[in-house]
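Asker: compute the structure for the input listed below.
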Amino acid sequence: MDKSNGYEANAATFIRCRSKGLDGVGAPSVRQWAKSLPPNATVLDVGCGAGDPISKALVNAGLTVYGIDASPSMVETFKQNFPDSPVACEAAEDSSFFNRQFDAVIAWGLLFLLPVETQEVVIQKMAHALYPGGRLLFTAPSQKMEWEDAITAVPSRSLGAEKYKALLTAAGLSLVEEFEDEGENHYYHAVKH
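Answerer: Numbers count the residues shown, from 1 in each chain. Below is the predicted model of the structure:
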């Protein structure tokens, strides 16, 4: 089974389409979120891809970024882009980085690519990896829906806002806010009790 959900086979296309630097979709929202974190915070980027633009926005904000991605090609490009940032080529649900704790965890454009049960496991693991007071930011449509991923044609599933909120609460997190970015991505920002 392809733990990268089709992204390894499409890595070159994804990197070319997504690498827009500071102007990439989501980067302004992530920079704004980064301001809520303590100076020199450690952040785990789950599904980091090549790191551009999300990890780049975090690194440029002075944060220490760790990355996880299941695509070997993405991880190699991430290492080239951020030689000082630890990165693991692992599926989110299997990552050894969840054995430590972070000030913040981000999963931009990842959760809905995973099967429903795996989304639930990953939310639990992300919550467990946060220090008390730590922050989680992830994107997923607010509507419960299924669609075909534009790059991989693999099915994507949003559990919908009500289910995500219930999973956050069950994981010991409180939802701080929901918002949309310039690319109409829906964000969930939560804090650990």
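Asker: flag the shaky bits of this protein, pLDDT-wise.
Answerer: 1, 21-22 (pLDDT under 70).
Asker: centroid residue for it?
Answerer: With distances taken as C-alpha atoms, centre = their mean, the residue of the chain nearest its centroid is Ala107 (1.3 Å).
Asker: so what sits opposite that residue in the bridge?
Answerer: Assessed by DSSP bridges, Ala107 has beta-bridge partners Phe138.
Asker: where's it relative to Tyr188, distance?
Answerer: 10 Å (C-beta to C-beta, to the nearest Å). Quick note: C-beta positions are derived from backbone N, CA and C, even for glycine.
Asker: need the overlap of contacts for the two.
Answerer: Common neighbours of Ala107 and Tyr188, using C-beta atoms under 8 Å, 6 or more residues apart in numbering, are 136-139.
Asker: tell me which stretches of this structure form helices.
Answerer: Using DSSP state H, the helices of the chain run over residues 11-18, 27-34, 54-60, 72-81, 116-128, 161-170.
Asker: tell me which of those helices sits nearest to Ser96.
Answerer: For Ser96, the closest of these is helix 116-128, at 11.0 Å, according to C-beta to C-beta.
Asker: which other helices and strands contact the closest one?
Answerer: strand 42-46, strand 102-107, strand 130-139, strand 155-159, helix 161-170 (3 or more C-beta pairs under 8 Å, 6 or more residues apart in numbering; DSSP states H and E).
Asker: change it to 7 Å
Answerer: strand 155-159, helix 161-170 (3 or more C-beta pairs under 7 Å, 6 or more residues apart in numbering; DSSP states H and E).
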